[in-house]
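Chemist: Below are the sequence and a predicted model; questions follow.
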Amino acid sequence: EESTSRTTKKKLVAVVGGGLVGSLNACFFAKRGFDVEVFEIREDIRKAKVVRGRSINLALSHRGRQALKHVGIEEKIVSQGIPMQARMIHSLNGKQYPIPYGRKGQYILSVDRANLNKQLLTEADSYPNTKLNFDHKLQDWSTETGLMTFVRPDGSKVQIKADLIVGCDGAFSATRKQFLRRSRFNYSQTYIPHGYMELTMPPVNGEFAMKPNYLHIWPRNTFMMIALPNLDRTFTCTLFMPFEDFEKITTGDEVIKFFQKYFPDTIPLIGVDALKRDYFRLPAQAMVSVKCSPYHIDDKCVLMGDAAHAVVPFYGQGMNAGFEDCIVFDEMMEQFNEDFSAVLPEYSRVRVPDDHAIADLAMYNYIEMRAHVNSKWFLFRKHVDNLLHFLMPKTIIPLYTMVTFTRTRYHEAVQRWHWQNKVINRGLLMSVSGAVLGGSYLLIKSPPNITNLLIPGEKIWSRLTELRTS
Ligand code: FAD
């Protein structure tokens, strides 16, 4: 019997998946005093030589940090992250210009995925009431009895019953299979036409090859490349491009020709030989968006993280949203006295609209990042939004700020964004019409007199200052 070593009489919570969300969630449940068992298909990555998995680094922001703080490891993780205070846009002619993420001092962090996962596992392991089971692949579980069946690498099977099953087994969740067999379960999945490929940019003379405190972006409309800094002074560049374009490039020389046309500044930094070699090392990886509801079955099972909501990676929120799931669930455990039959339905009710909203936003940003940032209107609107936010910090908050630097519920952030857009666009339209009409009137009424033109500007400024201080 796997779980006879348990000493307390508390309920047993089985966390399926020891990835980012599963290992963090184990800490949340352990902190509440439950007996926790984590089941992970892979071997213990802390001992493995090569860790396979998705993206090498990720952007950690406020929501994720708040969750880490709950279990007391925010500082440890943050100290090993690299702050990125702005996007650095690389235009085709080699010019670079930054677009800040928020106010001065606001930044997102580039963190190493494998290291973060290892630290979370170690943290979960440090609770005496937690047990980590590696090389355990969930095969199936019963919604009637809660009995789970795991397969070991040697083909043997292990069966375990838990009071609560928490499915944190990622975008292709095995836990979710039982949900799909039930009536009134909504499910959709969409593969986008783009794939991604990671390339490494090594240090130059021991230093970062580009400015380290930025998320570098090469937006090229139908495709783009981004680069995030690593602690070892390399950058991980990720090329996002339609699969059909990836497939058009079949030789090393074609890779160089492609880079010369679209990313010429990166060729000397990544290196001709490395480009020719690494482009063919691994095929481009697919990206899927998964939406479903509800997230629970009775008082038995709940899905969190990518198992509940895999999102495309363009808002940098997948992990952050998954980490926030853990906080939201924990807050409800407090509110409903750890009564699973009350917490689980409430969790679905509250969390589904928010996770669906971030899935939609991520899809929207997929276009914004590769195309809109090239548009003058978009950049102008960013400046207007930032200026208004500076003048009226409580009334106008840029969408990116709400999503990345606050815990405003995702669906509320979207609603507020729509409202703000309406107000700002109307305001801009009115100022433009006002200026045109006013200007014509002044020109007709009196000969051009510079003071006439200056006074309204002053008035507007003092009104804005009033608003700012009110
Ligand atoms: P996973 O990380 O997928 O972990 C699932 C775990 O379950 C794995 O360890 C797996 O081995 C295990 N498992 C699977 N099946 C079974 C089974 N049957 N039995 C037992 N165990 C099982 N998010 C951000 O917040 N910021 C970013 O900048 C960002 N960038 C990204 C870039 C890319 C290219 C991609 C693809 C994603 C990015 N994300 C980002 C999203 C982020 O990677 C995910 O949201 C996050 O990994 C979700 O964590 P998870 O624990 O839910 O799932």
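Modeler: Ah, there it is. Residues are numbered from 1 along each chain as shown.

Chemist: Quick check on P229: phi, psi?
Modeler: phi -80, psi 150 (degrees, to the nearest 10).

Chemist: confidence score at it?
Modeler: Listed pLDDT for P229 reads 98.

Chemist: got it, and P268?
Modeler: At P268, pLDDT is 97.

Chemist: Can you give me the buried ones in the helix or strand where it lies?
Modeler: Assigned by DSSP states H and E, P268 falls within helix 267-270. Neighbour counts using 16 or more other Cβ atoms under 10 Å place 269-270 of helix 267-270 among the buried residues. Bear in mind the C-beta positions are built from the backbone N, C-alpha and C, glycine included.

Chemist: following that helix, which helix or strand shows up next?
Modeler: That would be, after helix 267-270 and using DSSP H and E, helix 272-278.

Chemist: If you average the pLDDT over that following helix, what comes out?
Modeler: 97.

Chemist: One more: stretch 129-149?
Modeler: Across stretch 129-149, the per-residue pLDDT values average to 97.

Chemist: What are the buried residues along it?
Modeler: 129-134, 136-138, 141, 146, 148.

Chemist: so what's F258 closest to, chain neighbours aside?
Modeler: I249 (5.7 Å; Cβ to Cβ, 6 or more residues apart in numbering).

Chemist: Doesn't V302 lie inside a strand?
Modeler: Yes: assessed by DSSP: H, G, I helix; E, B strand; the rest coil, V302 belongs to a strand.

Chemist: close enough to count as contact, it and V166?
Modeler: Yes: counting by Cβ atoms under 8 Å, V302 does reach V166; the two are 5.7 Å apart.

Chemist: quick check: longest strand of this protein.
Modeler: Looking across the chain with DSSP state E, the single longest strand is strand 186-201.

Chemist: wait, does it contact the ligand?
Modeler: Yes: using Cβ under 6 Å from any ligand atom, strand 186-201 comes into contact with the ligand via Y196.

Chemist: for that strand, which positions count as buried?
Modeler: Quick answer for strand 186-201 (16+ other Cβ under 10 Å): 192, 194-201.

Chemist: Also stretch 74-87?
Modeler: Those would be 74, 77, 81-82, 84-87, for stretch 74-87 by 16+ other Cβ under 10 Å.

Chemist: Give the rounded mean pLDDT of it.
Modeler: 97.

Chemist: hmm, who's touching that stretch?
Modeler: 59-60, 65-66, 68, 98-101, 106-112, 115-116, 119, 212-217, 228-231, 373 (Cβ atoms under 8 Å, 6 or more residues apart in numbering).

Chemist: any idea how far it is from the chain center?
Modeler: 15 Å (Cα atoms, centre = their mean, to the nearest Å).

Chemist: Who does the closest residue in space to F34 that isn't next to it in sequence form a beta bridge with?
Modeler: Spatial nearest neighbour of F34, chain neighbours left out: V13 (4.6 Å); criterion: Cβ to Cβ, 6+ apart. With DSSP bridges as the criterion, V13 is bridged to V36, L164.
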